[in-house]
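J.: Can you look at this prediction? I've put the sequence above it.
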Amino acid sequence: MVMNIKSNQFYMDLYDRFGANHYSKFKFAVERAKGAEFWDADGKRYIDMLSCYSAVSQGHCNPRIVRALSEQARKCDAVSGAVYNSTIGKCLQKVSEITGMNQVLLKNGGVEGVELSIKAMRAYGYTKKKIPLNAAEIIVAENNFHGRTTTVISFSSSERSKKGFGPYMPGFVSVKYNDFSELEKAVNEHTAGILLEPIQGEGGIIIPSDDYFPKVRELCDKQGILLCLDEIQTGMGRTGKMFCFEHYGIRPDIIIIGKALGGGVRPISGIATSMDIMDTAFKPGNEGSTYAEDPITGAVGLAAIEELLRIRPKEGINLVQRAEKMGNYLINQLKALDHSMIKEVRGKGLLVGIEFYEPIAHQVALGLLREGVFAKDTHETTLRFAPPLMIPKKLVDESVSKLERVLDGFVEYYTGNLG
């Protein structure tokens with residue numbers, strides 16, 4: 001029998017034969033997507049409640065972003081970083097405007113932005129704080145997720161990310177997240193910077209207390225330490241503000257950006273900071289990337305930001321404001337379930353964690369898949385809902401209803417087996 005070459009099984013077998021077994025995958029193959037939905041190769045439809053970790057915040061195959069990509073690709077694709085091009089300056093200017101920083105350096109995947117920030121903090125520490133060469137320390141938080149390069153896994157709490165990839169990079173001090181006292185005690189004369197997530201996303205949607213970041217900011221100011229915030233997932237409107245740090249009434253010295261900056265069609269990341277920090281760290285020849293500032297990157301990045309800021313005629317608000325409105329609605333709907341299996345619902349904007357009393361998050365995610373809702377578990381007890389910011393209300397309602405159905409099935413199962 002000849003297998004249908006457009007089936008889920010065909011595409012899964014093809015990948016499993018020739019791809020590395022590096023990422024645990026759900027058993028279906030996405031073939032097409034639009035807005036807040038996608039369809040697998042067998043034709044089944046799903047509501048996307050993950051949005052590729054915020055990379056498609058503007059919606060799958062957003063027509064304005066796709067048009068910018070297509071038009072630029074036909075006009076001019078990649079050129080050397082040794083020359084200027086006609087789109088990247090406009091993109092850098094727009095990133096500067098939304099971050100409030102006066103200089104921007106772009107890279108590709110998010111972890112490359114993290115690597116840039118580490119370089120910047122170290123260089124600034126050696127030059128401005130006169131830290132002895134190669135002795136700089138950066139304070140990080142336990143339970144963090146900043147990527148998987150050999151440098152970044154060196155300060156990861158995840159043994160799964162680290163095991164077998166040593167020796168690890170020195171120069172990092174790990175403290176408990178949202179514990180200001182422990183962080184303060186970790187500061188010494190070698191501390192060049194503090195690197196934190198404004199909300200720990202992969203860590204389980206962990207939201208710090210309201211006074212945590214103001215205290216951290218004050219400490220950095222007193223000690224001459226750079227504060228760097230990883231806004232790769234939380235930035236670009238995800239939490240109902242353009243950047244999550246705005247919720248805390250502070251400003252970091254370095255902002256790491258990524259995910260939604262590429263509009264789902266281009267890997268774009270980087271850092272935004274002051275001219276003083278940028279000029280101190282980076283000189284001609286000590287940093288660069290083939291595709292990071294090419295014409296297509298410039299066109300896509302600009303279109304992605306403009307789409308976030310565009311006022312949607314029917315609602316009179318942009319996607320950032322919509323994330324706040326729809327996020328509040330989603331959180332309230334989840335809390336209204338008042339389900340016996342749900343311990344807590346927490347989040348900001350459309351970054352929402354549903355914590356269960358039992359370690360069933362992966363099983364719930366599988367149950368939702370059967371119902372046609374794609375969400376992903378984290379840390380065994382937490383399910384994450386983080387849909388595209390343009391998700392229609394009816395799809396939010398459908399997802400919540402299907403979550404309730406799945407959880408009711410768990411109650412029936414446990415009751416039947418225990419009774």
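T.: Looks like it arrived, so ask away.
J.: rest of the way, CA atoms for contacts and neighbours
T.: Noted.
J.: wait, doesn't F172 sit right on I138?
T.: Yes. The criterion here is CA atoms under 8 Å, and F172 meets it with I138 at 4.9 Å.
J.: Do you have the strands of the stretch 301-419 of the chain handy? List them.
T.: 342-348, 351-356, 373-374, 376-378, 382-385 (DSSP state E, counting those that start in this stretch).
J.: Pick out the shakiest of those strands, pLDDT-wise.
T.: For the strands of the stretch 301-419 of the chain, the weakest mean pLDDT is recorded on strand 376-378, namely a mean of 94.
J.: Can you name every helix or strand that that strand contacts?
T.: Judged by 3 or more CA pairs under 8 Å, 6 or more residues apart in numbering; DSSP states H and E, the packing partners of strand 376-378 are helix 361-371, strand 382-385.
J.: Pick the most buried one from those.
T.: Of those, the one with the most neighbours on average (mean count of other CA atoms under 10 Å) is strand 382-385, at a mean of 28.
J.: from the chain's centre, how far out does it sit?
T.: 14 Å (CA atoms, centre = their mean, to the nearest Å).
J.: what pairs with it, and is each one parallel or antiparallel?
T.: strand 351-356 (antiparallel), strand 376-378 (antiparallel) (DSSP bridges).
J.: winner for burial among those strands?
T.: Comparing the strands paired with strand 382-385 by mean count of other CA under 10 Å gives strand 351-356 as most buried, with a mean of 24.
J.: so where's the stretch 1-150 of the chain shaky on pLDDT?
T.: Low-confidence segments of the stretch 1-150 of the chain (pLDDT under 70): 1-4.
J.: ok so, going back, for F172 and I138, indicate the residue with more neighbours.
T.: Here F172 and I138 are compared on neighbour count by other CA atoms under 10 Å; more neighbours surround I138, at 26 against 21.
J.: host element of the more buried one?
T.: Here I138, judged by DSSP states H and E, is contained in strand 137-141.
J.: Need the residue closest to the centroid of this structure.
T.: Q233 (1.9 Å; CA atoms, centre = their mean).
J.: Quick check: the gap between that one and M242.
T.: As judged by CA to CA, to the nearest Å, Q233 and M242 stand 11 Å apart.
J.: repeat for M326
T.: M326 is 15 Å from M242, where distance means CA to CA.
J.: repeat for C220
T.: Taken as CA to CA, the span from C220 to M242 is 23 Å.
J.: sorry, back to before: with distance to P198 added, can I get the helices and strands packed on strand 376-378 in CSV?
T.: Shown next, in CSV, are those (distance: least, CA to CA, whole Å):
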stretch, distance to P198
helix 361-371, 23
strand 382-385, 16
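J.: Nearest to Y84 among these would be which one?
T.: With CA to CA as the measure, strand 382-385 is the member of the helices and strands packed on strand 376-378 nearest Y84 (40.4 Å).
J.: tell me which element L92 is part of?
T.: helix 88-99.
J.: Double-check that E31 belongs to a strand.
T.: Yes. According to DSSP: H, G, I helix; E, B strand; the rest coil, E31 belongs to a strand.
J.: ok, now which ones touch it?
T.: Listed by CA atoms under 8 Å, 6 or more residues apart in numbering, the contact set of E31 reads 38-41.
J.: ok, now with 10 Å
T.: E31 is in contact with 6-8, 11, 38-44, counting by CA atoms under 10 Å, 6 or more residues apart in numbering.
J.: ok, back up a step: just name whatever secondary elements the strand holding I138 is in contact with.
T.: For strand 137-141, the packing partners by 3 or more CA pairs under 10 Å, 6 or more residues apart in numbering; DSSP states H and E come out as helix 110-128, strand 172-175, helix 180-186, strand 191-196, strand 226-230.
J.: May I see these organised as CSV, with distance to T381 added?
T.: Shown next, in CSV, are the helices and strands packed on strand 137-141 (distance: least, CA to CA, whole Å):
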stretch, distance to T381
helix 110-128, 26
strand 172-175, 23
helix 180-186, 26
strand 191-196, 23
strand 226-230, 24
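J.: Relative to Y15, which of the helices and strands packed on strand 376-378 is closest?
T.: Among the helices and strands packed on strand 376-378, the nearest to Y15 by CA to CA is helix 361-371 (20.5 Å).
J.: What helices and strands are in contact with that closest one?
T.: Going by 3+ CA pairs under 10 Å, 6+ apart, helix 361-371 lies up against strand 45-48, strand 351-356, strand 373-374, strand 376-378, strand 382-385, helix 393-418.
J.: Tabulate these (CSV), appending distance to L92.
T.: Formatted as CSV, the helices and strands packed on helix 361-371 follow (distance: least, CA to CA, whole Å):
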stretch, distance to L92
strand 45-48, 30
strand 351-356, 26
strand 373-374, 34
strand 376-378, 33
strand 382-385, 31
helix 393-418, 33
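J.: Could you identify which of the ones you listed is most buried?
T.: strand 382-385 (a mean of 28).
J.: quick one on the thing from earlier: so what's the residue lying closest to the residue nearest to the centre of the chain once chain neighbours are set aside up against?
T.: Excluding the flanking residues, the one nearest Q233 by CA to CA, 6 or more residues apart in numbering is S54, at 5.6 Å. Contact analysis of S54 by CA under 10 Å, 6+ apart lists 232-238, 258-261, 263-264, 350-351, 386-389.
J.: Kindly recompute the last result at 8 Å.
T.: Taking CA under 8 Å, 6+ apart as the criterion, S54 is in contact with 233-234, 238, 259-260, 386-388.
J.: which of the residues you listed lies closest to E398?
T.: For the contacts of S54, the minimum distance to E398 (CA to CA) is 12.8 Å, reached by P387.
J.: What sits closest to the closest one if chain neighbours are left out?
T.: For P387, ignoring the flanking residues on the chain, the nearest one in space by CA to CA, 6+ apart is M49 at 4.0 Å.
J.: Can you give me the distance of the one you found to R64?
T.: For M49, the distance to R64 - CA to CA - is 22 Å.
J.: So between these two, which is more surrounded?
T.: M49 (24 against 16).
J.: any idea how far K393 is from that one?
T.: M49 is 13 Å from K393, by CA to CA.
J.: can you check V173 too?
T.: On the measure of CA to CA, V173 and K393 end up 43 Å apart.
J.: I206 now?
T.: For I206, the distance to K393 equals 25 Å [CA to CA].
J.: One more: L92?
T.: L92 sits 33 Å away from K393, going by CA to CA.
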